[in-house]
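[1] The following block contains a protein sequence and its predicted model.
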Amino acid sequence: MQWIFTQRLAGRSMTSIARALNDRAVPSPSAHDRARNAHRPGSTWHVTTVAAILANPRYTGRQVWNRQPRHYRDHTEAGATALQRRRASRNDWVISDRPAHPALVSEPRFVAAQSISAVPRPAAGNRRHYQLVGVVRCECCDRRLESHWAHDRPSYRCRHGRAGATAPTADRPATLYLREDLLLSQIARALLEPGLADDGDVGVAAALRRSGLMAVCDKTAVRLRAV
């Protein structure tokens, strides 16, 4: 755990930290203690695992209550019954006033790690607007395209898992880059066939969501499919 905080404070990304742990074959928390983590599948480190560790004040020696309340609900998926845990909001956490056990990281280092995890803002302070967030996917790997600001305009990209916690394989395709204005034009043409098109670029994105559709894209074409 100390290594994770040290790497983060050195400016390393959470993705890079997770990948390094996987490359070193360090057991993940769920693999290290299967009895307490039976609800978590697999043994691989994920970015969310690293993020949860960096945000957990328990490593400063404080006791934390109500972080993961044991409220479950049954749900059936693909014919099998599973149990799902409901996580508590940070506002619901109860943290001890005094240390309850030896600290793995000092409180100043813990606080500094939280500031590094802040979401960066555009240099000019302007909000960037993306119309197609969540409704465009990659034809090659079926991942949702990432919002990506390039050349002073909204765009989207798919790195085919290169930013994940596992090392990329040699056969992964090159990163897909797509401009939003060109995507909107292609989607508008695709919407003409089922008669769902609306007026203007904003209407194109709204028509997708209203109709329960998403756009599946590659470098040259766009096709529509149900969400």
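    Yep, that arrived. Please read all numbers here as calculations on a predicted model, not as lab measurements.
[2] Give me the distance between the two termini of stretch 145-161.
    Terminal residues of stretch 145-161 lie 11 Å apart, using C-alpha to C-alpha, to the nearest Å.
[3] Next, the buried residues of it.
    145, 146, 147, 148, 154, 155, 156, 158, 159, 160 (16 or more other C-beta atoms under 10 Å). C-beta here means a position set from N, CA and C on the backbone, and glycine is covered the same way.
[4] Keep only those of those residues that are in strands.
    146, 147, 148, 154, 155, 156, 158 (DSSP state E).
[5] Spatially, which two of the buried residues of stretch 145-161 are the most separated?
    154 and 160 (20.6 Å; C-beta to C-beta).
[6] need the helices for this protein, in chain order.
    For the chain, the helices defined by DSSP state H cover 2-9, 14-23, 29-32, 47-54, 107-116, 180-192, 200-210.
[7] how about a markdown table for those helices, with mean pLDDT and mean neighbour count added?
    As requested, the helices of the chain are exported to a markdown table (pLDDT from 0 to 100; neighbours: other C-beta atoms under 10 Å):
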| stretch | mean pLDDT | mean neighbour count |
| --- | --- | --- |
| helix 2-9 | 89 | 17 |
| helix 14-23 | 86 | 19 |
| helix 29-32 | 75 | 15 |
| helix 47-54 | 87 | 18 |
| helix 107-116 | 81 | 14 |
| helix 180-192 | 89 | 17 |
| helix 200-210 | 74 | 16 |
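[8] With respect to residue 222, which of the ones you listed lies nearest?
    helix 180-192 (4.2 Å).
[9] Give me the neighbour count for the nearest residue to residue 101 once chain neighbours are set aside.
    Once flanking residues are discounted, residue 101 sits nearest to residue 61: 5.7 Å by C-beta to C-beta, 6 or more residues apart in numbering. Residues contacting residue 61 under the criterion other C-beta atoms under 10 Å number 18.
[10] Residue 61 touches residue 102, doesn't it?
    Yes - using C-beta atoms under 8 Å, residue 61 makes contact with residue 102 at a distance of 6.1 Å.
[11] in this structure, which helix or strand is least confident?
    Across the helices and strands of the chain, mean pLDDT, DSSP states H and E gives its lowest value to strand 80-85, namely a mean of 44.
[12] shouldn't residue 136 be in contact with residue 183?
    Yes - using C-beta under 8 Å, residue 136 is in contact with residue 183, at 6.6 Å.
[13] Mutual contacts of those two, please.
    Counting by C-beta atoms under 8 Å, 6 or more residues apart in numbering, the shared contacts of residue 136 and residue 183 are 156, 215, 217.
[14] I'd like the distance between the last one and residue 175.
    With the distance defined as C-beta to C-beta, to the nearest Å, residue 217 ends up 13 Å from residue 175.
[15] Tell me which of these two has more neighbours.
    residue 217 (23 against 13).
[16] Show me what that one bridges to in the sheet.
    residue 138, residue 222 (DSSP bridges).
[17] How much space separates it from residue 18?
    In terms of C-beta to C-beta, residue 217 sits 28 Å off from residue 18.
[18] about what we covered before: where is pLDDT lowest across the buried residues of stretch 145-161?
    Across those, the bottom pLDDT score, 81, is held by residue 160.
[19] is it true that it touches residue 143?
    Yes - counting by C-beta under 8 Å, residue 143 is a contact partner of residue 160 at 7.0 Å.
[20] gap between the two ends of stretch 208-218?
    18 Å.
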